[in-house]
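**Q** give the three-dimensional model of this entry:
(4 chains)
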4 protein chains.
Amino acid sequence: MKCEHKPYLRRVHYYETDQMGIVHHANDIRWFEEARVDFMDQWGLPYEELEKDGILMPVTHVEVAYLLPLTFGETVEIVTALVFFNGIRAVFHYEVYTEKDRKLAVKGESGHCFLDAASRRPLNLQKRRPDFCAAAQDMLAGFADNEEKHKIGKRRTI
Amino acid sequence: MKCEHKPYLRRVHYYETDQMGIVHHANDIRWFEEARVDFMDQWGLPYEELEKDGILMPVTHVEVAYLLPLTFGETVEIVTALVFFNGIRAVFHYEVYTEKDRKLAVKGESGHCFLDAASRRPLNLQKRRPDFCAAAQDMLAGFADNEEKHKIGKRRTI
Amino acid sequence: MKCEHKPYLRRVHYYETDQMGIVHHANDIRWFEEARVDFMDQWGLPYEELEKDGILMPVTHVEVAYLLPLTFGETVEIVTALVFFNGIRAVFHYEVYTEKDRKLAVKGESGHCFLDAASRRPLNLQKRRPDFCAAAQDMLAGFADNEEKHKIGKRRTI
Amino acid sequence: MKCEHKPYLRRVHYYETDQMGIVHHANDIRWFEEARVDFMDQWGLPYEELEKDGILMPVTHVEVAYLLPLTFGETVEIVTALVFFNGIRAVFHYEVYTEKDRKLAVKGESGHCFLDAASRRPLNLQKRRPDFCAAAQDMLAGFADNEEKHKIGKRRTI
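**A** Below is the predicted model of the structure:
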């Protein structure tokens, strides 16, 4: 399967603004999470299922670059890509575009590991859920395709 | 023991404002939670311990009246009172004062029940944790005292 | 025009849960805001336009009753109604249903006044924006219709 | 003046946890903001005053590394340092320690520029507020001192 996932569309909420009149910068981290969950759904691997199977995917690092201010009421389009995956760690990239004029407003990445929910110890997804790893390989391949075609994402954006 | 608990002091954070230039109204609900946790700590019944003992105290209702706008950087003082408790349900009252000129800015209440964490079924705290109920009776008595002395709180503020 | 507005659909985000494993109760206040903004959009009176015209609509009170726990990943449907409006004050009602089995999970209301953004003084929308008031009368009429047909909402839910 | 600022102490709130049972990763960005505001207060340059003078200091990038999970009820100690400042841009570093056993739980940085609030155009603080720049030079010197003494912070933590 090739990466034909749809971008994640999202309106900016009033409660996400601060007194500067623009979106507060902590919210982008939350949008990345929404986009990542949506992305995993589209690839046939809902995050809910991972947790139901006793696997957690906590965040180990995030990076965000804020390029343009975003304001209440506008719609953003978030493009997500899995750019690294080896069964132990995964890295996702995110690009947030304004829907109106397709300008890149925010870009960032998040790193993750996998834990056994009961013991809270790291696990290798390759052993525990080979099906997930196959899906992840598809995602990575899709990313490579997209990278060539659309120039989205790079191994290290920031 | 008499109710001599100290009000909960709290600065208004930048990220709690919205583009109206004042605190967004959802944050007051969170402040009530902070004040309630602090209040239970002061009464010798930390909420953490309840959860460690397999008891949850979810919120069944909230009411908030916003009287004055609050702004970034100012300090608020939150006075909490337990105004109803019967082992099955509990109701807390909150009054948020500006520290600077002691004006009442926000008042509200929250209702709670008690659940067994494993089964998620209601439980009677009178049976499960009689020590909590004794502490709660002290809190209620303290509230009655305070009500007389300082005119804080009423059974239904709003 | 009759009230044929569509309910507001909304997925529950991971970051909206707390360690109880369900949606934290402060988030419902934010959902009400999202639903209210969507509702005003549908009635042809975007909140953005009010603010662009120098009018604020701050929240004066909220009430929420939590009937059923909501969990990450599920979709909720929020039905909004304007139940009171006189140019000085407005009250909206909200009912949050689970999409899956249409159970009422949360209900609540929010009260609002209107302020001049520059002076922060109350204003009468009847004088300042008669077009808004006409739209509001439509919303109220729609509510009355719906109330009869679907038994949604009541003047005071809680 | 030497950097003798006190770390920022902060309890973890219940509403900051998610269903993983630990602090949700978006909250650390907010804690950095709280710590930065407190740090600027201590250096005699309250952020409120900058805004009152028509100057904004928006965030241009953030980076966070999550080393240890944090849980409800514990207290964290946040050490802040200004590590770069040239009148056009500023970079702060943050280290979040558990109060109990002084373990480094989170580290990160935030980048900022300065804008004229009215025009939203970049400004040079050296010209607009030389007093701020003097304070900033003190902060930087304090950082260099601390770096040597306590090994806190480095130009690029992550």
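**Q** list the residues that contact the closest residue to residue A:11 other than its chain neighbours.
**A** The spatially closest residue to residue A:11, leaving aside those adjacent along the chain, is residue A:75, at 5.2 Å (CB to CB, 6 or more residues apart in numbering or on different chains). Where you see a C-beta, it was placed from the backbone N, CA and C, and this is true even at glycine. Counting by CB atoms under 8 Å, 6 or more residues apart in numbering or on different chains, residue A:75 touches A:9, A:10, A:11, A:12, A:98, A:99, A:100.
**Q** state the distance from residue A:75 to residue A:106.
**A** Residue A:75 sits 14 Å away from residue A:106, going by CB to CB, to the nearest Å.
**Q** and if you look at residue A:53?
**A** 32 Å.
**Q** what do you get for residue A:131?
**A** 32 Å.
**Q** same drill for those two, tell me which one is more crowded.
**A** Using other CB atoms under 10 Å in any protein chain shown, the more surrounded residue of residue A:131 and residue A:106 is residue A:106, with 24 against 10.
**Q** host element of that one?
**A** strand A:104-113 (DSSP states H and E).
**Q** now for that strand, which elements pack on it?
**A** Contacts defined by 3 or more CB pairs under 8 Å, 6 or more residues apart in numbering or on different chains; DSSP states H and E place strand A:104-113 against helix A:27-42, strand A:59-66, strand A:89-98.
**Q** run the last query once more with 6 Å
**A** When contacts are defined as 3 or more CB pairs under 6 Å, 6 or more residues apart in numbering or on different chains; DSSP states H and E, strand A:104-113 packs onto strand A:59-66, strand A:89-98.
**Q** is it possible to get CSV of those strands that adds mean neighbour count and distance to chain B?
**A** Converted to CSV, the helices and strands packed on strand A:104-113 look like this (neighbours: other CB atoms under 10 Å in any protein chain shown; distance: least, CB to the nearest CB, whole Å):
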stretch, mean neighbour count, distance to chain B
strand A:59-66, 22, 14
strand A:89-98, 22, 18
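**Q** out of these, flag the one nearest chain C.
**A** strand A:59-66 (10.7 Å; CB to the nearest CB).
**Q** can you name the farthest residue from the center of chain A?
**A** Distance from the C-alpha centroid of chain A, by CA atoms, centre = their mean, peaks at residue A:19 (27.5 Å).
**Q** against residue B:18, how distant is it?
**A** 7 Å.
**Q** please apply the same query to residue A:27.
**A** Distance, residue A:27 to residue B:18, by CB to CB: 12 Å.
**Q** again with residue A:24
**A** Residue A:24 is 9 Å from residue B:18, by CB to CB.
**Q** with residue A:25 instead?
**A** Applying CB to CB to residue A:25 and residue B:18 gives a distance of 14 Å.
**Q** just residue A:85 next, same as before
**A** Relative to residue B:18, and taking CB to CB, residue A:85 is found at 38 Å.
**Q** between these two, who's got more neighbours?
**A** residue B:18 (24 against 21).
**Q** how about the residue most central in space within chain A: what's its closest non-neighbour residue?
**A** Nearest to the mean C-alpha position of chain A, by CA atoms, centre = their mean, lies residue A:36 at 3.4 Å. What sits nearest to residue A:36 in space, not counting adjacent residues and going by CB to CB, 6+ apart, is residue A:92, at 5.5 Å.
**Q** what sits against that neighbour?
**A** Residues counted as contacts of residue A:92 (CB atoms under 6 Å, 6 or more residues apart in numbering or on different chains) are A:36, A:82, A:110.
**Q** re earlier: assign the residue farthest from the centre of chain A to helix, strand or coil.
**A** coil (DSSP: H, G, I helix; E, B strand; the rest coil).
**Q** so it touches residue B:15, yeah?
**A** No: between residue A:19 and residue B:15 there is no contact under CB atoms under 6 Å: 9.7 Å.
**Q** distance to residue C:143 and mean pLDDT added to the helices and strands packed on strand A:104-113, as CSV?
**A** Compiled in CSV, the helices and strands packed on strand A:104-113 are given as follows (distance: least, CB to CB, whole Å; pLDDT from 0 to 100):
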stretch, distance to residue C:143, mean pLDDT
strand A:59-66, 41, 98
strand A:89-98, 35, 97
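**Q** how about the residues of chain A by chain B?
**A** Chain A comes close to chain B at residues A:15, A:17, A:18, A:19, A:21, A:24, as judged by CB under 6 Å from any CB of the partner chain.
**Q** now with 7 Å?
**A** A:14, A:15, A:17, A:18, A:19, A:21, A:24, A:26, A:72 (CB under 7 Å from any CB of the partner chain).
**Q** is it fair to say the second one lies in a helix?
**A** Right, residue A:15. Yes: under three-state DSSP, residue A:15 sits within a helix.
**Q** let me know the pLDDT of it.
**A** Residue A:15 carries a pLDDT value of 98.
**Q** how close does it sit to residue C:117?
**A** Residue A:15 is 18 Å from residue C:117, by CB to CB.
**Q** more crowded one of the two?
**A** residue A:15 (22 against 15).
**Q** quick check: that one touching residue B:16?
**A** No: Residue A:15 is beyond contact range of residue B:16, at 10.1 Å (criterion: CB atoms under 7 Å).
**Q** show me the common contact partners of these two, please.
**A** Common neighbours of residue A:15 and residue B:16, using CB atoms under 7 Å, 6 or more residues apart in numbering or on different chains, are residue B:24.
**Q** before we move on, back to that, if I look at the residue nearest to residue A:11, how far off is residue A:32?
**A** On the measure of CB to CB, residue A:75 and residue A:32 end up 17 Å apart.
**Q** enumerate the residues of chain A near chain D.
**A** Counting by CB under 7 Å from any CB, the residues of chain A close to chain D are A:20, A:25-26, A:29-30, A:56, A:58-66, A:158.
**Q** ok, which of these also contact chain C?
**A** residue A:30.
**Q** identify the farthest-apart pair in the residues of chain A next to chain D.
**A** A:20 and A:56 (34.5 Å; CB to CB).
**Q** low-scoring pLDDT stretches of chain A, where are they?
**A** Regions of chain A meeting the criterion pLDDT under 70 cover residues A:1-4, A:144-158.
**Q** is the closest residue to the residue farthest from the centre of chain A other than its chain neighbours bridged to anything, and to what?
**A** Among residues not flanking residue A:19 along the chain, residue B:17 sits closest, at 4.0 Å (CB to CB, 6+ apart). Bridge pairing for residue B:17 (DSSP bridges) gives the partners residue B:23.
**Q** next up, the contacts around residue B:17.
**A** Contact analysis of residue B:17 by CB under 7 Å, 6+ apart lists A:18, A:19, B:23, B:24, B:72.
**Q** equivalent analysis for residue A:15, please.
**A** Applying CB under 7 Å, 6+ apart to residue A:15 gives the contacts B:18, B:24, B:26, C:30, C:33.
**Q** so who does the closest residue to the first one other than its chain neighbours touch?
**A** Using CB to CB, 6+ apart and skipping residues adjacent in sequence, the residue nearest residue B:18 is residue B:24, 4.2 Å away. With contact set as CB under 7 Å, 6+ apart, residue B:24 has these partners: A:15, B:16, B:17, B:18.
**Q** from memory residue A:113 sits against residue A:91, does it?
**A** No: the pair residue A:113 / residue A:91 is not scored as a contact, 10.6 Å apart, by CB under 7 Å.
**Q** ok, back up a step: give me phi/psi at the residue nearest to residue A:11?
**A** Dihedral pair for residue A:75: phi -110, psi 140, per degrees, to the nearest 10.
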